[in-house]
Structure formats: structure tokens, C-alpha cells
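1. heads up, no residue letters with this:
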């Protein structure tokens, strides 16, 4: 380095001597130019050259570059040598100095916070913020919903500039900020504003991610006008709102967003004025807030006093899945979570199918010895629904009503929910239609009715859902019904699939009013089924009430395997009804049956007069569904009688007396009556058949169902099982596994073994 500097000095000394005349002329020219510049600043007639006529990259760096290009080789060498020496000096000063260098605040500090306001710039003690490049675009800052939004309306001091009004036009953009782009006009869609105040997630949890939009296919909602997500215009609103000088109230913000979101006229104010505006901050439930639908165990009844038993059929399976989830978690399920009929009906059975032109289902009755009580018998009633040809099924309209509240922010909830519904899409026909409604703090239509053939659009909409906020379940139901009613057509099936953990905490002040609303809506022909997810705050009671009043079914999904069973293997039965309001009534013969009890169906009990009342709702049977009901009956004269005869009551007539008097039903155990309505009909039809003891040996289906009934009773306390326990239940189930193509029965046996270990 020393030799090079010496050479440079020698070259400078060898140069020509300065010309005194030229020096005087240069100084005079400089003074003249200075005077001209001063005159221009004080009021020249010539307009200053606007900066806009230079390219975007013009600025300090461009000027430096032009200056460097004008240097000669010797000048450039001198400059670079000086810069190197200066850098060495700065490093030395920095290592020995007292602290960090303080720099002024820049526009980079003006980053909007998640609450929609501008975050303060760092204090002078903070680390150095890099100065903005002259050729850089507007700084980008992620919002809470994952949307990368440009920082707008910020001045160079890092504070927020006032938003220009119509009367006060916006000034021309300077070099540090660009004018905001004109927002695209969205398609009109029925959307309720739903901004999560805690996380600022669009659609109360419907996240619109810029990168996700670019990754979607050309037919995805991000690029297709007809299927454009209603949440997308709200993303623009989120970016604009982040730069607002004053945080507006939830109601004002939602109304402000309404035009940009494409809300149907009149709907926004109606929803926003009636729905409660609460703090959307989600607070995890304390310990365990689960609630299960159940009732006291059915007692043993005396036939002479109460010979008639009436109940609604039930094809729900949620209870079995909850029991399995508890056992696999290493603990016995709470007794109130066990509904024995749902444990029995979880499994597919092969009962005798109805013949053509007969009723849509057929009843098969089997009488067998009770495994846990030698003095009683079991009357097993199995209903088998017809399975129409798949090609003959009507078009399907599905509305996915998805809970995106903060309580769904767990792996076993919203992520599993998305995977489960994705499995369902593969089973739909191209002409079927799907719409998506999401709800959290309020509700919104995330996807317009879209043909199932456009799977990219549907999957893209599902993928953009995110969890955050409270749970406005009532509002979501109302919007889902409006969407479904518009999708319906002649001969089509419309159904809402509500996917939730059941944690409704906004807008449901009157549960009875909610069920009445759903009961009224079922008259439109739109069915409501419920898919439950997660534990800890599972509101099974609400889910059961919604499904029962919505002419639908309730299932609990805790694994992707369970999702496959419910939404793939049994899709036809779950979505296509063949009989509505199916009721069972059994009149027991007091001459042959002294006592009886119905195993399970506590929450499905009906009054005797309800059987003939077509206005009383009951359960539905889907295509190919099986339904099982089991009674334990005690014959007259059996030592297993639980009740003593009444001192003053009339005794039941003996079979001989019935025969002598010509009374009907001699030798029968009872009389089975079934009522049902064909889909779309208001008048029920009646099926009747006697119950008699036969010599047919019970098959594997019957015996396995009985084993599951015993399993359920063991989990709830085994009031009527005597000494019959886990070993006997396991042996019965193992011996009755029969044909088990999906392994459901093997799984049940393993659960029984696990329950036995946990019970000890």
C-alpha cells in the first residue's frame, strides 16, 4: 500500500503546473452559475424540472453513479483510497465508542400493528433501522391474518399521514410512498362482516394469504370471477384499515367494510345491529367444559302397568367415537358421554333387505337368551334401509358451515376438519354443488355455490380458513340456511354440514328458541347434520339438539380414519334419506311378558300419543342405513322379576285365559309398530308385525350388537348385568366378529380390553 501511495504522489508532482488565468476564469464561471441559481429560487419564470420525468430508480444513488462515471482514472483512484481510509477510521471509532450510533426514524418504522393502528417507531437506543433503498417498493408488513399489506399514508417521520378526503385531494406521491392502487370491484356475495378484533383475521378466521392465491390453479377462487372468495375484498379493507388514523368500533368497521366485501343490500345492518358485538378475544376453557346429551337409564317397567314403549330411531354414532377417544387417551369416558344405542349403531350390519316395491326399510326381529341374565330374554329389532342404485341418486347441494372460532385452533379441530372435508369432495359427482360459510365473531360466505368438478376452488377456499375469535353459531346457521335454500332445486337434496366443537358462545341466549328455529327450517327440505371435533370444550348436548331437530345425524370425528368411515364409506346413508320421522312402538303382551326395559334411547323417548302425531319429529333413515334396538324382557313367572305384584292391582290374564276369551295375540310377546314418512311427504305410513319367539339361532350381527350393548352398560355402571363383566363381554364380541372388512369390530374388541385395564 505504501509503494502505491508513493507512486500516486509522484504522479501528482509530475503533472503540469496550474494555469493562473484558467483558474480565474473557472472561479468567474462558478460565481455566474451561483447567481443564476439564486435568481431561479427567488422567482424564475421557468418551472422547475419535475422529478417524475426521471425514471423510478433516479435518486441519490443515480447521481453518485453519474459522478463516478465522470472521474478520470487518477481521480477514481484517489476517491476510492479516501473511502477506504474513512471506513477504517469508522471501524476504529465504533470499537472504542461508548454505544450504538443513533439514526433518525424512517418510514420503515411505520409498520401497522395487528390492531389496525400504526406501531410506534423504535426508541433511539434501539438497533439501527436500515435506510430505505431509493429503488425499493413500498415497505410490506404482514397483518394478523397472514396477508402481506403495503404500508400506506405514512410520512418520512414514521408517523401516519392523514387520510385524504374527497374535498381534500391526495397530494402527489413522493419518493417514499406510492399512490394506493384502485381496489378491484368484487362480485356481489352474501357476506356478513366478520373481523376478529383480537387477531384481525378476515372472515372471523378466513385467512386470505397473498402467496396462497398465487399458488392456486387458474380455476381457484383467487383467479375465477364466478367463484371469487368473498373474503378477498375484505383483505383490501384490512390493508386500508391498517393505515386508518383512528381505530373504529367493530360495528363501524364492519359497515365500512360492507361495500368492499360485496354484502347484500340490507343484510349487513340487519346482522350487525342484531348480533351481539363482543370481545373476540378467545379465552381457553377452564379445565373441562364438555356437556353431553343424556338422561337417566331406562328403568325396568311392569307390563301390566305400562305395556307400551315408544321412541324415535337414532342412527347417530358420535358417542362411540367419543368413548374411543377417551379410552385411547388413557381414561374411561364419563358415564354421561355413553349413549348405548349409538355404540350399537356405530357398526354396519347385514339385516334382511326390503324387497322391491315394499317399504324403504325392513324390520327383522330376533329373540335370544340374555347373556348376562339367565331369567330374561333379549328382543333384538333390526331395521335395514334399502340401498338404491348409486346412479339413481339425486343431485346433492352441500353447504359446509365451518366453525373458525378461536376454540378450533387445535390440530384435532380445524386442521383435521379441512382434511375430513377434502376426503368428502372425492365422493361427489361433478354436478353436485358445494358452498362454504364460516363463522367466528360473525358469519360470512367464503365460497359461493361451486360445482364439485371445480375441486381446486373448493380446496383453495378450505385451505384459507384459519381460527380466531368467538363463536357466533346462531348467525352462521342463519346464513347457511339462506345459502342452502337458494341452492335447492326440484328433486335435489340440500344439506348443511355443520363442523364444530360445539362451543357456541355468541348469539345463543335461548337454546329452545334455536332448536325451534331449526325445526321450522327443516320444513324447507334442508337437512342439518353435525360433525364434532376436539375435546375439552365439546358441547355434545348442543350438537345432538341441532342434529335431531334438523332432520340430520351427529358424528364425532377424532381421526382421519373416522372421517373416512363417516364421509366416504357411509356417505350415501349419511346424506341421502329414504325415510323421515321413523318411530318405533312396541306393545308388550302382559300374558307372556311381565317386565321389560329398553336398552338405550333415553334421549329419544316419545310419549305414547306422539306415535300417531305426524307433527312430532323423529329420526331419519338414510340409504343403506341399519338401525338396532334391543329390549330385555322378563317372561311371566320368571325368578328374575324385579318387581313384586301389586296387592290391589289387576293381574295379567294368563295365556290360557286369553285363548279361552278369543283375545288376539295369543302366545305373542308383543306387537311391533313402525311409522315413517317418505321424503317430502307430510303424512306417515304404518307398518305392523307381531313379535314371536322363533327357533332361529341368532347370527353374528345380532350377537355382536348385544356385545356392544353390554359394553355400553359396563361403561355406565352395569346396573342390570349382575356378575357379567369385561371378560364375558370380550368373549362374546370376539366370537361374533363375523365379516369385518374395515376392521371396526376388531377395534372394538381392543377398546374393550383397554377399558377392562383402565377399570382396574
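-> Nice, I can see it. Computed from a predicted model, the values in this text were never measured in an experiment.
2. Secondary structure element for the residue nearest to residue 713 when sequence neighbours are not counted, which one?
-> Take residue 713 and drop its neighbours on the chain: the residue closest to it by C-beta to C-beta, 6 or more residues apart in numbering is residue 721, 5.7 Å away. (C-beta placed from N, C-alpha, C; glycine too.) If you go by DSSP states H and E, residue 721 is not part of any helix or strand.
3. One more: residue 698?
-> Residue 698 belongs to no helix or strand when elements are defined using DSSP H and E.
4. What's the separation between the residue nearest to residue 713 and residue 303?
-> Per C-beta to C-beta, to the nearest Å, residue 721 is found 22 Å from residue 303.
5. Between these two, tell me which one has more neighbours.
-> Between residue 721 and residue 303, residue 303 has the larger neighbour count (other C-beta atoms under 10 Å), namely 23 against 17.
6. Okay, now the sheet partners of the lengthiest strand in the chain, with direction.
-> With secondary structure taken from DSSP state E, the chain has its longest strand at strand 577-588. As defined by DSSP bridges, the strand partners of strand 577-588 come to strand 308-312 (antiparallel), strand 619-622 (antiparallel), strand 670-677 (antiparallel).
7. and those, which is most packed in?
-> Mean neighbour count (mean count of other C-beta atoms under 10 Å) peaks for strand 619-622 among these, with a mean of 25.
8. Tell me which other helices or strands the helix or strand just after that one touches.
-> Following strand 619-622 in sequence order, the next helix or strand is strand 626-635 (DSSP H and E). Helices and strands touching strand 626-635, as assessed by 3 or more C-beta pairs under 8 Å, 6 or more residues apart in numbering; DSSP states H and E, comprise helix 340-344, strand 377-385, strand 577-588, strand 593-598, helix 700-716.
9. could you give the mean pLDDT of the third one?
-> In this model, strand 577-588 has a mean pLDDT of 96.
10. okay, the angle between it and strand 593-598?
-> Counting by axes from the mean of the first three to the mean of the last three C-alpha atoms, to 10 degrees, strand 577-588 lies at 150 degrees to strand 593-598.
11. tell me the angle of strand 577-588 relative to strand 377-385?
-> 160 degrees.
12. One more: the longest one?
-> For helix 700-716 against strand 377-385, the angle by the same axes, to 10 degrees is 110 degrees.
13. Kindly report the same for the fourth one.
-> Relative orientation of strand 593-598 with respect to strand 377-385: 50 degrees, computed using the same axes, to 10 degrees.
14. Would you agree residue 417 is in contact with residue 408?
-> Yes - with contact defined as C-beta atoms under 8 Å, residue 417 counts as touching residue 408 (7.4 Å).
15. These two: which is more packed in?
-> residue 408 (29 against 26).
16. quick one: that one from residue 397, how far?
-> Counting by C-beta to C-beta - residue 408 and residue 397 are separated by 25 Å.
17. Next: residue 539.
-> As judged by C-beta to C-beta, residue 539 and residue 397 stand 27 Å apart.
18. sorry, back to before: now do the shared contacts for residue 417 and residue 408.
-> residue 533 (C-beta atoms under 8 Å, 6 or more residues apart in numbering).
19. contacting residues for the closest residue to residue 382 other than its chain neighbours?
-> Ranked by C-beta to C-beta, 6+ apart and with sequence neighbours excluded, the top spatial neighbour of residue 382 is residue 351, at 4.2 Å. Residues near residue 351 by C-beta under 8 Å, 6+ apart: 362, 364, 382, 383, 384, 626, 701.
20. re the thing from before, which one of the helices and strands packed on strand 626-635 lies closest to residue 308?
-> strand 577-588 (5.1 Å; C-beta to C-beta).
21. what's in contact with stretch 694-708?
-> So stretch 694-708 is contacted by 340, 343-344, 346-347, 349-351, 366-368, 371, 378, 380, 382, 628, 630, 729, 732-733, 735-739, 745, 748 (C-beta under 8 Å, 6+ apart).
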